[in-house]
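S.K.: got a predicted model here, sequence first, then my questions.
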Amino acid sequence: MVDSWDSSLYEDRHSFVWKRGAELIDLLDPQPGERVLDIGCGTGHLTAQIAERGAEVLGIDSSVSMVAQARQNYPKLKFALADARTFKSPEPLDAVFSNAALHWIKEAGAVVSSVAGSLKPGGRFVLEMGARHNVERIANAITAVLREGGYKPESPWYYPSPAEYCTLLESHGFRVSALWNFERWTKLEHPEKGLREWIEMFASSFFEGVPEPLRHDALDEIEQRLRPELWRDGSWWADYYRLRVVASRVINSP
């Protein structure tokens, strides 16, 4: 698989992803000596915050670029290139953590099964991901413009409803103890290029097969269509909807 992630652009213009996830660590409440897995660790900032609480943490990501940057940022911590759908911990884990990563994996059942198989009985799973309607305005505009140009774009994302994800967790032996589904409009970091950079970072796969000159024209049209809804106070905004879950593996589950 080609690594489409630009870790430099992520660090420079999209730090809000991990900064907004910091409060999730309080829900995780990692304890000294606990074994914790961080799925989709990106460039390692939240992994480091978990380690600061005294836990023994491993960060995994499917992006070579992200793992390389995480190792550069935090050379004393452990990071590995791994697939969350098939990951198996050599020893049972106390907790699994994930921020803004699981919506990138459409095979959600495989991920939850892998997490369940890695946790101790009673171990906890704390996550935040995109929920149904996440960036819906942006995705709809991209899809409409590209279809009008004769292309057939496909969304790379899995955005479940709260009921859908709870059902999935329960079917794999989890008990959901807390869940939040909320709107979180997010100001993009570059005042003029924010939307374009966001699309380049997170939605480039929509444009596979689109020649570069046509891609530029399509982005101009997407910006024009979204400006009435997503541009205000001199900045671009993304229409985020989030799903945050705290669950635990049922002690007598298989």
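M.R.: Okay, I see it. Just so you know, these numbers come straight off a predicted model, no measurement behind them. Numbering: from 1, shown residues only.
S.K.: tell me the predicted confidence for residue 1.
M.R.: We have a pLDDT of 42 for residue 1.
S.K.: over to the one 10 residues further on?
M.R.: Per-residue pLDDT puts residue 11 at 53.
S.K.: can you check the one 3 residues further on too?
M.R.: In the prediction, the pLDDT value recorded for residue 14 is 43.
S.K.: ok, residue 107 - how many residues close by?
M.R.: The local packing of residue 107 (other CB atoms under 10 Å) involves 14 other residues. Every residue, glycine included, has its C-beta placed from N, CA and C.
S.K.: what's near enough to touch it?
M.R.: Each residue near residue 107 by CB atoms under 8 Å, 6 or more residues apart in numbering is listed here: residue 85.
S.K.: let's go with 10 Å and repeat that
M.R.: Shown in contact with residue 107 (CB atoms under 10 Å, 6 or more residues apart in numbering): 83-86, 113-114, 158.
S.K.: what's the answer for residue 88, then?
M.R.: 82, 114, 117-118.
S.K.: a helix runs through it, doesn't it?
M.R.: No: Residue 88 sits outside any helix when classified using DSSP: H, G, I helix; E, B strand; the rest coil, being coil.
S.K.: make sure I have this right: residue 122 is in a strand.
M.R.: Yes: applying three-state DSSP, one finds residue 122 inside a strand.
S.K.: isn't it up against residue 173?
M.R.: No: using CB atoms under 10 Å, residue 122 is not in contact with residue 173, being 11.2 Å away.
S.K.: neighbour-wise, which of these two wins?
M.R.: Higher neighbour count among residue 122 and residue 173: residue 173, with 20 against 12, using other CB under 10 Å.
S.K.: and the more buried one, what pLDDT?
M.R.: For residue 173, the pLDDT comes out at 97.
S.K.: and if you look at residue 189?
M.R.: At residue 189, pLDDT is 87.
S.K.: output the below-cut-off pLDDT ranges for this structure.
M.R.: Scanning the chain for pLDDT under 70 picks out 1-20, 252-254.
S.K.: show me the helices in it, by range?
M.R.: With DSSP state H applied, the chain shows helices at 7-13, 16-19, 22-28, 45-52, 64-73, 108-118, 136-148, 162-171, 194-202, 212-230, listed in chain order.
S.K.: and of those, who's closest to residue 236?
M.R.: helix 194-202 (3.7 Å; CB to CB).
S.K.: which helices and strands does the closest one pack with?
M.R.: helix 7-13, helix 136-148, strand 174-187, helix 212-230, strand 235-249 (3 or more CB pairs under 10 Å, 6 or more residues apart in numbering; DSSP states H and E).
S.K.: quick one, which of these is packed in tightest?
M.R.: strand 235-249 (a mean of 21; mean count of other CB atoms under 10 Å).
S.K.: show me what that one pairs with in its sheet, parallel or antiparallel.
M.R.: strand 119-130 (antiparallel), strand 174-187 (antiparallel), strand 231-232 (antiparallel) (DSSP bridges).
S.K.: tell me the gap between that strand and the middle of its chain.
M.R.: 9 Å (CA atoms, centre = their mean, to the nearest Å).
S.K.: start the count at 270, not 1, going forward
M.R.: Taking 270 as the first residue, the last one we looked at is strand 504-518.
S.K.: related to what we said a few turns ago, JSON lines for the contacts of residue 376, including distance to residue 406?
M.R.: Below are the contacts of residue 376 laid out as JSON lines (distance: CB to CB, whole Å):
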{"residue": "352", "distance to residue 406": "31"}
{"residue": "353", "distance to residue 406": "28"}
{"residue": "354", "distance to residue 406": "29"}
{"residue": "355", "distance to residue 406": "34"}
{"residue": "382", "distance to residue 406": "33"}
{"residue": "383", "distance to residue 406": "32"}
{"residue": "427", "distance to residue 406": "18"}
